[in-house]
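Q: The amino acid sequence is not available; the structure is as follows:
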């Protein structure tokens, strides 16, 4: 299932961090410290509109302006990461971009797909520029997408697991592998040590050590 119950089971109903995701409705039931909707997904929808409705001037004007706002917001994020601007300046920019998006989205659009995108931007208004309020939050969910890609490819090739036990084993295995990669630990070495009986606490300390040294976690 891809329902909200699964999201709540994994993250809890009250997630203490910043939840980055696409606009899939199952995430709406989870309360979080803050939420960030993936700009790449928005941009993908805008590109599809431009591809399929190239002569719709109103829709093209909307998507072009939207992409420009997101492009400038990403540039501000880059400046913030290298300390060209302060935390306060980044937050001020977030409010400015929200104002621009409000202005862009205030009028209904005749194109059905463009109108859906407009409505989505309005619905998630406070979740579009969170990345300019939290220094470590990205404007997209690419990290999660890349982590899921190996499992998606496996599912496509093998048609998925044939049993609940297989699915359970697969998700544990992939969680271990992706956690190792994010913490700078060789997944193969970790799995070999696990199967050879190395104590879990020793592996845990190895991961924590890499986190403390600055590896992404």
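A: Great, that's in hand. Everything numeric here is computed off the predicted structure, so don't read it as measured data.
Q: Point out where this structure drops to low pLDDT.
A: 197-217 (pLDDT under 70).
Q: any chance you could map the helices in it?
A: Along the chain, counting by DSSP state H, helices occupy 4-11, 39-52, 57-81, 87-105, 112-123, 142-158, 164-182, 187-195, 200-212.
Q: export those to JSON lines and tack on distance to residue 130 and mean neighbour count?
A: C-beta coordinates here come from the backbone N, C-alpha and C atoms, glycine included. JSON lines is the format used below for the helices of the chain (distance: least, CB to CB, whole Å; neighbours: other CB atoms under 10 Å):
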{"stretch": "helix 4-11", "distance to residue 130": "16", "mean neighbour count": "14"}
{"stretch": "helix 39-52", "distance to residue 130": "11", "mean neighbour count": "17"}
{"stretch": "helix 57-81", "distance to residue 130": "11", "mean neighbour count": "17"}
{"stretch": "helix 87-105", "distance to residue 130": "8", "mean neighbour count": "15"}
{"stretch": "helix 112-123", "distance to residue 130": "14", "mean neighbour count": "16"}
{"stretch": "helix 142-158", "distance to residue 130": "15", "mean neighbour count": "12"}
{"stretch": "helix 164-182", "distance to residue 130": "21", "mean neighbour count": "14"}
{"stretch": "helix 187-195", "distance to residue 130": "31", "mean neighbour count": "13"}
{"stretch": "helix 200-212", "distance to residue 130": "23", "mean neighbour count": "12"}
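Q: Can you say which of these is nearest to residue 29?
A: If you check each of these against residue 29 by CB to CB, helix 4-11 wins as the nearest, at 4.1 Å.
Q: For residue 194, see how far away the most centrally placed residue in the chain is.
A: Nearest residue to the geometric centre of the chain (CA atoms, centre = their mean): residue 141, 2.0 Å. Here residue 141 is placed at a distance of 29 Å from residue 194 (CB to CB, to the nearest Å).
Q: on that earlier part again, could you dump the helices of the chain into a markdown table with distance to residue 134 added?
A: Formatted as a markdown table, the helices of the chain follow (distance: least, CB to CB, whole Å):
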| stretch | distance to residue 134 |
| --- | --- |
| helix 4-11 | 17 |
| helix 39-52 | 15 |
| helix 57-81 | 10 |
| helix 87-105 | 9 |
| helix 112-123 | 20 |
| helix 142-158 | 15 |
| helix 164-182 | 19 |
| helix 187-195 | 29 |
| helix 200-212 | 19 |
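Q: Ok, which of those comes nearest residue 30?
A: Taking the helices of the chain one by one with CB to CB, helix 4-11 is closest: 5.5 Å.
Q: returning to that earlier point: what separates the residue nearest to the centre of the chain from residue 19, distance-wise?
A: For residue 141, the distance to residue 19 - CB to CB - is 10 Å.
Q: Now list whatever residues contact both of these two.
A: Common contacts of residue 141 and residue 19 (CB atoms under 8 Å, 6 or more residues apart in numbering): residue 36.
Q: So residue 176 versus residue 185, what's the distance?
A: In terms of CB to CB, residue 176 sits 10 Å off from residue 185.
Q: typo on my end, residue 11
A: 24 Å.
Q: do residue 129 as well
A: Taking CB to CB, one finds residue 129 at 34 Å from residue 185.
Q: what's the answer for residue 126, then?
A: Relative to residue 185, and taking CB to CB, residue 126 is found at 37 Å.
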